[in-house]
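In: no sequence for this one, just the structure:
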């Protein structure tokens, strides 16, 4: 197993890694919409979905893979009413249409509106 760490995505806010590469897969931890440059969180679901997807992309690429090799995502929304707006942004990043689960949750860390985790094929 290999731990993945990049400054292009926010550091872990708990006892976990940004990602692991194991058995030919990249397992990326859930990414909330924190800007890794300054720690800020933008307002609104579109901006937050954009940042969460950028964070996943940074981790997947740091692991030596790419977004078109993502095979599964799990998405968490604070409000299912944001589903359509979230999907518009998500579709720009996950063009290979990986398998996906998307669920509404009671709360997310730092009070954000979304979180995205991914599993990709390692290169």
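Out: Structure's in. What do you need? Computed from a prediction, not measured in an experiment: that's the story for all the values here.

In: Now do the longest helix along the chain: which elements does it pack against?
Out: In the chain, with assignment by DSSP state H, the single longest helix is helix 45-62. Using 3 or more CB pairs under 8 Å, 6 or more residues apart in numbering; DSSP states H and E as the contact test, the elements touching helix 45-62 are strand 19-22, strand 25-31, strand 70-77, helix 83-93, strand 114-121. Placement of C-beta: from N, CA and C, glycine included.

In: On the three-state scheme, the closest residue in space to residue 58 that isn't next to it in sequence is what?
Out: Nearest non-adjacent residue to residue 58, counting by CB to CB, 6 or more residues apart in numbering: residue 8, 3.7 Å away. Counting by DSSP: H, G, I helix; E, B strand; the rest coil, the backbone at residue 8 sits in coil.

In: sorry, back to before: make JSON lines from the helices and strands packed on helix 45-62 and add distance to residue 12, mean pLDDT and mean neighbour count to it.
Out: Below are those laid out as JSON lines (distance: least, CB to CB, whole Å; pLDDT from 0 to 100; neighbours: other CB atoms under 10 Å):
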{"stretch": "strand 19-22", "distance to residue 12": "10", "mean pLDDT": "97", "mean neighbour count": "19"}
{"stretch": "strand 25-31", "distance to residue 12": "7", "mean pLDDT": "98", "mean neighbour count": "23"}
{"stretch": "strand 70-77", "distance to residue 12": "17", "mean pLDDT": "98", "mean neighbour count": "19"}
{"stretch": "helix 83-93", "distance to residue 12": "21", "mean pLDDT": "98", "mean neighbour count": "15"}
{"stretch": "strand 114-121", "distance to residue 12": "13", "mean pLDDT": "98", "mean neighbour count": "23"}
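
In: what's the closest of these to residue 99?
Out: Comparison of the helices and strands packed on helix 45-62 against residue 99 by CB to CB identifies strand 70-77 as nearest, at 4.7 Å.

In: Pull the residues that contact the closest one.
Out: With contact meaning CB atoms under 8 Å, 6 or more residues apart in numbering, strand 70-77 is reached by 25, 30, 45, 56, 60, 83, 86, 90, 94, 96, 98-105, 108, 113-121.

In: let's see it at 7 Å
Out: Strand 70-77 has contacts (CB atoms under 7 Å, 6 or more residues apart in numbering) with 30, 60, 83, 86, 94, 96, 98-105, 108, 113-121.
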